[in-house]
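1. Build me a structure from this.
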Amino acid sequence: MTDINIEHAEATLVKKGFLDIDIDPGLDLFAEIEKIKKEKNAIILAHYYQEPDIQDVADYIGDSLGLAQKAQSTDADMIVFAGVHFMAETAKILNPHKKVVLPDLNAGCSLSDSAPPELFKKFKDKHPDHIVITYINCSAGMKALSDIICTSSNAQKIIESLPETQKIIFAPDRNLGAYINKKTGRNMLLWNGACMVHEIFSLEKITKLKIRHPQAKVIAHPECEEAVLAVADFIGSTTGLLKFAQSDPATSFIVATEAGILHQMQKNCPDKTFIPAPPDNSCACNDCPYMKLNTLEKLYLCMKYEKPEILMEESLRIAAKKPIDKMLEISALYGL
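-> Now for the predicted structure:
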């Protein structure tokens, strides 16, 4: 690889979102990635929704809470985040002196995009007697406007830790907020945001699947719409769904969340059947297009050249860190 090609790739990085560099097709990427990890004291953190190859090369695979906890505790010099942008931002917020890289800067999040900080601030200012609890699937700017961050794993416990008289704004996911309202009996004020993947599941198609597979249990992520949650046998975070599938005696499951989780489910439970819940369109899949922007090739390149790197103004980082610290504190208190 010539310096000219590298310079051109770096010059187009912002536009393309990743280093567009040709890789020798004969290169063993798995071996090279392991080599770089040792040379640079790097750790790969991957979300369950990443493609199987990335999950298999990761040092830690988890949901948003687990990833945040791992990012907080790691002693690696470089954090390679195989997920979406807000996750890598969270790692940087918790580790200002570590290098944090993301394979593709365009790996965004429709839910995060549904809550622009400038618009949310106007909404928040209209309700000064409310505190703000924000789902971790949001930008650093949104986190800086929040009092406590939560994930789908700990949202209910965090809400229940507050006085019943406390007025709350919950953002950005209206479906998760509505689910928590129902579980806790609260009446939180909900921001009108949603995840594009979890909103496209077809209740009609899930019902037909259930008829074809009467013994299968429907398990769903709480970001799904209420109609889908109403027919679920179990509702939980990605880690919660994975643990339920392992421990429950059922041998088949209809899974209403992003299809990437099926890889770990099948690895952990090879004798069980996992059926992806179908979306309300002609596609038979339910992949997050942002999560799937990351590839093994991009992962290798970002580790080798240490770009794209997540950078952040210190004032924003400090403001965004406070509600994350509060979340981690409450989670530790409840053993989450």
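2. Point me to the helix or strand that includes Ile33.
-> Using DSSP states H and E, Ile33 sits within helix 29-40.
3. Could the C-alpha coordinates of the very next helix or strand once past that helix be exported in CSV?
-> As assigned by DSSP H and E, the chain's next helix or strand after helix 29-40 is strand 42-47. Extracted C-alpha coordinates of strand 42-47, given in CSV (Å, rounded to 0.1, in the frame of the first residue of the first chain):
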residue,chain,number,x,y,z
ALA,A,42,-6.6,-3.1,21.5
ILE,A,43,-10.0,-4.5,22.5
ILE,A,44,-12.9,-5.1,20.2
LEU,A,45,-16.3,-4.4,21.7
ALA,A,46,-19.1,-5.6,19.5
HIS,A,47,-22.9,-5.3,19.7
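4. Run the chain-centre distance for the following helix or strand past strand 42-47.
-> Of the helices and strands lying after strand 42-47 in sequence (DSSP H and E), the nearest is helix 52-57. Mean-position distance between helix 52-57 and its chain equals 16 Å (CA atoms, centre = their mean, to the nearest Å).
5. tell me the mean pLDDT for helix 52-57?
-> For helix 52-57, mean pLDDT is 95.
6. on contacts alone, who are the packing partners of that helix?
-> When contacts are defined as 3 or more CB pairs under 8 Å, 6 or more residues apart in numbering; DSSP states H and E, helix 52-57 packs onto helix 29-40, strand 42-47, helix 261-268, helix 296-305. Quick note: C-beta positions are derived from backbone N, CA and C, even for glycine.
7. so which of those gets nearest Ile330?
-> Of all the helices and strands packed on helix 52-57, strand 42-47 sits nearest to Ile330, with 21.8 Å by CB to CB.
8. Which neighbouring elements make contact with that closest one?
-> Checking 3+ CB pairs under 8 Å, 6+ apart, strand 42-47 ends up next to helix 29-40, helix 52-57, strand 60-62, helix 64-73, strand 78-82, helix 85-94.
9. Of these, give the one that comes closest to Asp104.
-> helix 85-94 (9.0 Å).
10. For the closest one, which helices and strands make contact with it?
-> Helix 85-94 packs on strand 42-47, helix 64-73, strand 78-82, strand 99-101, helix 140-144, helix 314-333, going by 3+ CB pairs under 8 Å, 6+ apart.
11. Now do that helix, average pLDDT.
-> Across helix 85-94, pLDDT averages out at 94.
12. picking that back up, quick check: which of the helices and strands packed on helix 85-94 is buried the most?
-> Among the helices and strands packed on helix 85-94, ranked by average contacts under mean count of other CB atoms under 10 Å, first place goes to strand 78-82 (a mean of 26).
13. the inter-axis angle of that strand versus helix 85-94?
-> Angle of strand 78-82 versus helix 85-94, following axes from the mean of the first three to the mean of the last three CA atoms, to 10 degrees, is 160 degrees.
14. Now do strand 78-82: distance to the chain's middle.
-> Between the centre of strand 78-82 and the centre of its chain there are 14 Å (CA atoms, centre = their mean).
15. ok, now stretch 309-328?
-> With CA atoms, centre = their mean as the basis, stretch 309-328 stands 17 Å off its chain's centre.
16. Likewise for stretch 171-180?
-> On the basis of CA atoms, centre = their mean, stretch 171-180 sits 15 Å off its chain's mean C-alpha point.
17. Which residues does that stretch contact?
-> 111-112, 114-115, 120, 132-135, 137-138, 142, 146, 152, 155-156, 159, 170, 186, 188, 190-195, 198-199, 222-226, 229, 235 (CB atoms under 8 Å, 6 or more residues apart in numbering).
18. Quick one: buried ones out of those?
-> Neighbour counting by 16 or more other CB atoms under 10 Å classes 111-112, 114-115, 120, 132-135, 137-138, 142, 146, 152, 155-156, 159, 170, 186, 188, 190-191, 193-195, 198-199, 222-225, 229, 235 among the contacts of stretch 171-180 as buried.
19. Kindly format the C-alpha coordinates of the helix or strand of the chain with the lowest mean pLDDT as PDB.
-> Within the chain, no helix or strand scores below helix 3-11, which has a mean of 76 by mean pLDDT, DSSP states H and E. Taking C-alpha atoms only, helix 3-11 is exported to PDB below (Å, rounded to 0.1, in the frame of the first residue of the first chain):
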ATOM      1  CA  ASP A   3       1.600   6.500   1.000                       C
ATOM      2  CA  ILE A   4      -0.300   8.100  -1.900                       C
ATOM      3  CA  ASN A   5      -3.200   5.600  -1.600                       C
ATOM      4  CA  ILE A   6      -3.300   6.000   2.100                       C
ATOM      5  CA  GLU A   7      -3.400   9.800   1.900                       C
ATOM      6  CA  HIS A   8      -6.200   9.600  -0.700                       C
ATOM      7  CA  ALA A   9      -8.200   7.300   1.600                       C
ATOM      8  CA  GLU A  10      -7.700   9.700   4.600                       C
ATOM      9  CA  ALA A  11      -8.700  12.700   2.400                       C
END
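20. No further queries at this time; thank you.
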